[in-house]
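J.: Fold the following.
(2 chains)
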Amino acid sequence: AQSVTQLDSHVSVSEGTPVLLRCNYSSSYSPSLFWYVQHPNKGLQLLLKYTSAATLVKGINGFEAEFKKSETSFHLTKPSAHMSDAAEYFCVVSESTGRRALTFGSGTRLQVQP
Amino acid sequence: EAGVTQSPTHLIKTRGQQATLRCSPISGHTSVYWYQQALGLGLQFLLWYDEGEERNRGNFPPRFSGRQFPNYSSELNVNALELEDSALYLCASRAGVETQYFGPGTRLLVL
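T.: So this is what the prediction gives:
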């Protein structure tokens, strides 16, 4: 069985300061890991994905995440927050075989203060 | 390239009625997934269709059903609606073993 734990339900940062959204995972196999973002009343947009290539993954809009197998973590970072980054962020693990259904974390709401 | 589309964007039904939600995948994608995002319950896997067949379902009762058409579009039917079915229903499509891409969702409100 696989699971994802997002360690913070809410994160608030000031515009221009770094963003850190924390995610730990549990998976029996080498996982595929994703970060998706959901803006209010919108669907989910893929930010980035890890699929056993480079451990540091770069995504869209300046976001990146580092896969650390020893810590079973996949934290999302951005050097400088922008007001448009305010949204809900989901850490997601995918089954590597079979139905490949996604298991979602509970989400982290990012607030960006001016 | 057009993304995943869903219709309608909003749907209001009363308890006991049936709801039909539709999804068109990205061109070339043969797999369609349905997820429910209910308040307080997070995002949960509902159904997976691939090549016209239901391949797997999540922990939902049989009144949640659907189908996939020859053009790979999909329909989700929810029978005997209950208040707790009120949620955002998200459709995602996938090609092969690649990433799932999501549509904007259908917001279902059951009164």
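
J.: Can you name the element that comes right after the lowest-mean-pLDDT helix or strand in chain A?
T.: When the helices and strands of chain A are scored by mean pLDDT, DSSP states H and E, strand A:102-104 comes last with a mean of 88. Using DSSP states H and E, the next helix or strand after strand A:102-104 towards the C-terminus is strand A:108-113.

J.: Run through the residues that contact the residue most central in space within chain B.
T.: Nearest to the geometric centre of chain B sits B:Trp34, at 3.5 Å (Cα atoms, centre = their mean). Applying Cβ atoms under 8 Å, 6 or more residues apart in numbering or on different chains to B:Trp34 gives the contacts B:Cys23, B:Phe45, B:Leu46, B:Leu47, B:Trp48, B:Gly66, B:Ser74, B:Leu76, B:Tyr89, B:Leu90, B:Cys91, B:Ala92. Glycine gets a C-beta too; all of them are placed from N, C-alpha and C.

J.: ranges for the strands of chain B?
T.: Along chain B, the stretches classed as strands by DSSP state E are B:5-7, B:10-13, B:19-24, B:31-38, B:42-50, B:53-57, B:64-68, B:74-78, B:87-94, B:101-102, B:106-110.

J.: rewinding a little: tell me what the residue nearest to the centre of chain B is bridged to.
T.: Per DSSP bridges, the residues bridged to B:Trp34 are B:Leu47, B:Cys91.

J.: Kindly report the same for A:Thr77.
T.: A:Leu20, A:Glu64.

J.: can you tell me how far it sits from chain B?
T.: Distance of A:Thr77 to chain B, computed by Cβ to the nearest Cβ, to the nearest Å: 21 Å.

J.: got the contact list for that residue?
T.: Taking Cβ under 8 Å, 6+ apart, we find A:Thr77 in contact with A:Pro18, A:Val19, A:Leu20, A:Leu21, A:Phe63, A:Glu64, A:Ala65, A:Glu66.

J.: Would you check how far apart it and A:Leu21 are?
T.: According to Cβ to Cβ, to the nearest Å, A:Thr77 and A:Leu21 sit 8 Å apart.

J.: Which parts of chain A are strands?
T.: Per DSSP E, chain A carries strands over the ranges A:3-6, A:10-14, A:19-21, A:23-26, A:32-38, A:44-50, A:56-58, A:64-68, A:73-78, A:87-94, A:102-104, A:108-113.

J.: What distance do you get for the spatially closest residue to A:Met83 that is not a sequence neighbour to B:Trp48?
T.: The spatially closest residue to A:Met83, leaving aside those adjacent along the chain, is A:Val112, at 5.2 Å (Cβ to Cβ, 6 or more residues apart in numbering or on different chains). Distance, A:Val112 to B:Trp48, by Cβ to Cβ: 35 Å.

J.: So for those two, which sits in the more crowded spot?
T.: B:Trp48 (22 against 19; other Cβ atoms under 10 Å in any protein chain shown).

J.: shaky segments in chain B?
T.: B:1, B:97-98 (pLDDT under 70).

J.: So which bits of it are right by chain A?
T.: When proximity is defined by Cβ under 8 Å from any Cβ of the partner chain, chain B lies next to chain A at B:4, B:6, B:31, B:33, B:35, B:42-45, B:48, B:55-56, B:58, B:90, B:92, B:94, B:97, B:99-105, B:107.
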